[in-house]
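Visitor: Build the 3D model from these lines:
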Amino acid sequence: MKKVLSLAIILGFVIQLTVSPHVSAEIMPYVYKPTVPDTSFAVLALYELGDYDKVLEGCEWLVEIKTPFNSWGYAYGEDHEAKYTAMAIMALIRGESIARGRYRNTINGAAYWLIYKQKPDGSWDDYLDVALGAIALREVLKSGYLDKNMKGLEKQVQEGLSRALLWLELNPPQNDVERIFRDIALGRKDDLKQLKVEGDLEAYRAFGLAYMGERVSLNGNFSTPMTVAMALYATKKQVYLNRLLSMEHFGFWGKLHYRVLDLLDVSRIRGFEDLKHIACPYLNRIPLTEEWQKAVYAHYYVLCSKNPPLPENYSALLPWQVAEIARIKSILGKPYTDAVEYLLAHSTNGTWRDFYNTAYVLWVLKSLNVSYSYNSSLGYLSANLTWMLETKNPKTGKPLYYSVPTYYFSQAAVVFKQFGMEKELDETLRVLRERQYPNGAFAYTQGSVAGITTTARVLWNLQVAGLTEIEPYTRAASYLRKLLYADIPEPRRNNGLIVLKNATFVIVKGSRYVGNSTDEVELDDIDGYVVIYPSKNPLAIDAHPVEGFITLPPKEGGKKGRLYIGIAVMAIALALAIVLKGRKPGK
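Guide: I've put the predicted structure just below:
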């Protein structure tokens with residue numbers, strides 16, 4: 001599964017018959033997770049363009065993240081809801097037309113789940129559940145994919161659709177998103193044409209009109225995979241196609257799995273710089289409303305080559321935050337003497353507030369070559385370190401330093417290295433080794449939770465101190481690499497076979513799913529195959545055409561299906577007439 005890294009987004013490629021005989025691998029950032037709305041609407045859009053490789057990849061991911069009940073939440077592990085189940089159904093119907101038999105059972109199970117969860121009044125949990133549920137149930141009926149052996153299911157689906165449509169007729173939407181999907185469900189094309197919207201809702205509206213057969217003009221700049229997919233579905237413009245494909249990750253579409261700031265912290269570590277390109281586009285979504293936030297987040301803006309908004313009221317900040325402003329101003333080439341003078345004027349016998357603040361201020365002052373008598377401050381750090389190591393907490397009986405955050409010690413290590421304080425440096429490194437778990441991660445405090453945040457901060461301080469060759473650094477860097485990156489091997493060709501150990505190959509022939517194979521697949525006379533690697537808990541899914549994937553359009557539901565739809569329309573009209581007749585004037 002050869003991969004190309006472009007803006008840290010992973011794009012699949014079409015494997016040729018001249019595959020290299022050697023197996024190799026590439027280590028790629030793996031920091032996103034599949035989400036149902038993004039992946040489902042990407043499938044809908046790419047199906048319209050005939051990009052069946054990507055359709056199958058998205059469908060396979062949807063199958064991987066469904067619940068045991070053939071239902072879906074927003075993402076894997078989240079509560080299943082009717083709206084997300086409906087989105088997945090619509091996507092899988094497209095996939096089924098390319099690989100008949102592959103998704104049929106899932107579609108039937110999902111339709112049954114919708115009917116089972118529907119309330120007697122025709123609703124589910126919220127308005128979008130009803131609108132999208134109705135759209136999906138109608139598609140299921142028209143597809144012809146309902147299992148005839150599941151007795152009564154087709155009738156139940158039609159009755160469920162009728163109830164949902166009636167509920168939508170009787171209950172007005174509360175916002176424009178609800179209105180758009182209500183209009184799609186009820187086929188109210190003229191109402192949707194009259195709707196005036198801005199921003200992302202332009203893509204929603206365009207999708208709805210295109211879904212109902214209208215030609216749409218759209219030029220908006222959309223940022224999420226779902227809205228880009230909607231715009232592509234409506235317009236088929238190359239610019240939206242390029243944007244959507246640039247958002248693909250290992251065959252799926254989704255969102256960041258980790259905190260943006262954590263990824264940016266890691267990106268400061270040598271060898272992890274490519275994470276900046278992944279995380280930086282999300283930085284603008286973090287609001288800066290307080291002065292301290294401007295100080296704390298300033299270095300993230302610098303990392304992303306953005307001009308940070310800097311605070312002016314230093315009295316509202318902690319000493320280390322004022323020092324950070326001086327450091328950032330120095331990096332930007334701006335005058336920073338005001339911040340330095342503030343710090344020097346607000347020290348108490350060479351200290352600033354506490355151990356960590358003092359260590360941070362000293363590091364910055366020394367880095368900026370500020371003329372200052374450092375001895376009293378260094379004496380404080382040394383004495384305070386000894387006190388923390390030798391004193392026990394009277395309440396717990398444990399050493400006092402057990403409750404001190406690990407990054408305090410790594411920051412102090414930077415200062416001790418700066419000033420050649422070998423004894424103190426050895427003591428702080430001993431604490432860091434004690435705080436490091438076997439997997440290489442650093443705990444926040446002694447024996448507490450470990451993860452990206454603390455590990456990245458400790459690594460950064462060790463890197464600043466020039467201590468990148470010591471074991472704690474290399475072990476922590478290895479932990480982050482294993483956590484945030486995936487090793488994706490490439491398949492190889494061997495005597496007419498494509499071989500990849502620990503992979504499942506989904507085989508399609510004549511637009512029909514003809515089965516799976518493990519570790520290898522024959523290339524003779526097939527449309528293509530989908531590689532799921534590894535077979536359990538997949539990291540990547542790639543579809544590869546051989547003769548080329550084709551589609552057999554979904555069957556219409558037939559006379560019986562059309563009869564049910566006609567009955568539904570008559571039933572809704574009758575119900576509405578009864579309801580309206582029972583209302584008094586003015587009601």
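Visitor: Now stretch 228-244: average pLDDT?
Guide: Stretch 228-244 shows a mean pLDDT of 98 in the predicted model.
Visitor: who's in contact with it?
Guide: Stretch 228-244 is contacted from outside by 38, 41-42, 44-46, 48-49, 203-204, 206-207, 209-211, 216-218, 220, 222, 225, 247, 253, using Cβ atoms under 8 Å, 6 or more residues apart in numbering. C-beta coordinates here come from the backbone N, C-alpha and C atoms, glycine included.
Visitor: Which among those residues count as buried?
Guide: 38, 41-42, 44-46, 48-49, 203-204, 206-207, 209-211, 216, 218, 220, 222, 225, 247, 253 (16 or more other Cβ atoms under 10 Å).
Visitor: Give me the buried stretch members for the longest strand along the chain, please.
Guide: As assigned by DSSP state E, the longest strand anywhere in the chain is strand 497-509. Buried residues in strand 497-509, counting neighbours by 16+ other Cβ under 10 Å, are found at Leu497, Ile498, Val499, Leu500, Ala503, Thr504, Phe505, Val506, Ile507, Val508, Lys509.
Visitor: Just confirm Ser377 is within a helix.
Guide: Yes: read with DSSP: H, G, I helix; E, B strand; the rest coil, Ser377 is one of the residues of a helix.
Visitor: distance of the nearest residue to it once chain neighbours are set aside from Lys151?
Guide: Using Cβ to Cβ, 6 or more residues apart in numbering and skipping the chain neighbours, the partner closest in space to Ser377 is Gly350 (4.1 Å). According to Cβ to Cβ, to the nearest Å, Gly350 stands 85 Å off from Lys151.
Visitor: Mind checking which of those two has more residues around it?
Guide: The neighbour comparison of Gly350 against Lys151 (other Cβ atoms under 10 Å) goes to Gly350, with 17 against 9.
Visitor: Surely the more buried one and Tyr380 touch.
Guide: Yes: if you go by Cβ atoms under 8 Å, Gly350 and Tyr380 touch, sitting 6.0 Å apart.
Visitor: give me every residue that touches Arg104.
Guide: Glu96, Tyr145, Asp147.
Visitor: From those residues, pick the one nearest Pro173.
Guide: Checking these against Pro173 with Cβ to Cβ, the nearest one is Tyr145 at 29.6 Å.
Visitor: Kindly reformat the buried residues of strand 497-509 as a markdown table containing distance to Leu263.
Guide: Shown next, in a markdown table, are the buried residues of strand 497-509 (distance: Cβ to Cβ, whole Å):
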| residue | distance to Leu263 |
| --- | --- |
| Leu497 | 39 |
| Ile498 | 34 |
| Val499 | 35 |
| Leu500 | 29 |
| Ala503 | 28 |
| Thr504 | 30 |
| Phe505 | 33 |
| Val506 | 32 |
| Ile507 | 37 |
| Val508 | 37 |
| Lys509 | 42 |
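Visitor: on that earlier part again, list the ones among the contacts of stretch 228-244 that fall in helices.
Guide: Among those, the members found in helices (DSSP state H) are 38, 41-42, 44-46, 48, 203-204, 206-207, 209-211, 225.
Visitor: Verify the assumption that Val530 is located in a strand.
Guide: Yes: Val530 forms part of a strand when assessed by three-state DSSP.
Visitor: doesn't Tyr485 make contact with Ile27?
Guide: Yes: using Cβ under 8 Å, Ile27 makes contact with Tyr485 at a distance of 4.9 Å.
Visitor: who's the residue nearest the centre of the chain bridged to?
Guide: Centroid-nearest residue in the chain: Lys255, 1.7 Å away (criterion: Cα atoms, centre = their mean). The partner list for Lys255 in beta bridges (DSSP bridges) reads Lys33.
Visitor: can you pull the buried residues of stretch 472-485?
Guide: Quick answer for stretch 472-485 (16+ other Cβ under 10 Å): Pro472, Tyr473, Arg475, Ala476, Ala477, Tyr479, Leu480, Arg481, Leu483, Leu484, Tyr485.
Visitor: Contacts for it, please.
Guide: Against stretch 472-485 from outside (Cβ under 8 Å, 6+ apart): 27-31, 258, 263, 266, 269, 271-272, 275, 429, 432-433, 436, 439-442, 452, 455-456, 458-459, 462-463, 467-468.
Visitor: if you set the cut-off to 7 Å instead, what comes out?
Guide: With Cβ atoms under 7 Å, 6 or more residues apart in numbering as the test, stretch 472-485 has contacts from 27-31, 266, 269, 271-272, 432-433, 436, 439-442, 452, 455, 458-459, 462, 467.
Visitor: what's the span of stretch 192-210, first residue to last?
Guide: 11 Å (Cα to Cα, to the nearest Å).
Visitor: Strands of the chain, start to end?
Guide: 4-6, 9-11, 25-29, 32-34, 254-256, 485-489, 492-494, 497-509, 512-522, 528-533, 540-545.
Visitor: With mean pLDDT and distance to His346 as extra columns, can I get those in a markdown table?
Guide: As requested, those are exported to a markdown table (pLDDT from 0 to 100; distance: least, Cβ to Cβ, whole Å):
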| stretch | mean pLDDT | distance to His346 |
| --- | --- | --- |
| strand 4-6 | 33 | 47 |
| strand 9-11 | 29 | 47 |
| strand 25-29 | 82 | 42 |
| strand 32-34 | 97 | 44 |
| strand 254-256 | 95 | 39 |
| strand 485-489 | 93 | 44 |
| strand 492-494 | 91 | 65 |
| strand 497-509 | 97 | 60 |
| strand 512-522 | 96 | 67 |
| strand 528-533 | 98 | 58 |
| strand 540-545 | 96 | 54 |
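Visitor: so which of those strands comes closest to Arg285?
Guide: strand 254-256 (10.5 Å).
Visitor: gap between the closest one and the chain center?
Guide: Offset of strand 254-256 from its chain centre (Cα atoms, centre = their mean, to the nearest Å): 1 Å.
Visitor: elements contacting that strand?
Guide: strand 32-34 (3 or more Cβ pairs under 7 Å, 6 or more residues apart in numbering; DSSP states H and E).
Visitor: Tell me which other helices or strands the strand it packs on touches.
Guide: Using 3+ Cβ pairs under 7 Å, 6+ apart, strand 32-34 sits against strand 254-256.
Visitor: Check the closest residue to Ala339 other than its chain neighbours and give its pLDDT.
Guide: Among residues not flanking Ala339 along the chain, Ala326 sits closest, at 3.8 Å (Cβ to Cβ, 6+ apart). With respect to pLDDT, Ala326 scores 98.
Visitor: does Ala326 really touch Val340, like I thought?
Guide: Yes: between Ala326 and Val340 a contact is recorded at 5.4 Å, counting by Cβ atoms under 7 Å.
Visitor: between those two, what contacts are shared?
Guide: What both Ala326 and Val340 touch, as defined by Cβ under 7 Å, 6+ apart, is the set Leu368.
Visitor: And those two? Which one has more around it.
Guide: It is Ala326, of Ala326 and Val340, that has more neighbours when counted by other Cβ under 10 Å, with 26 against 23.
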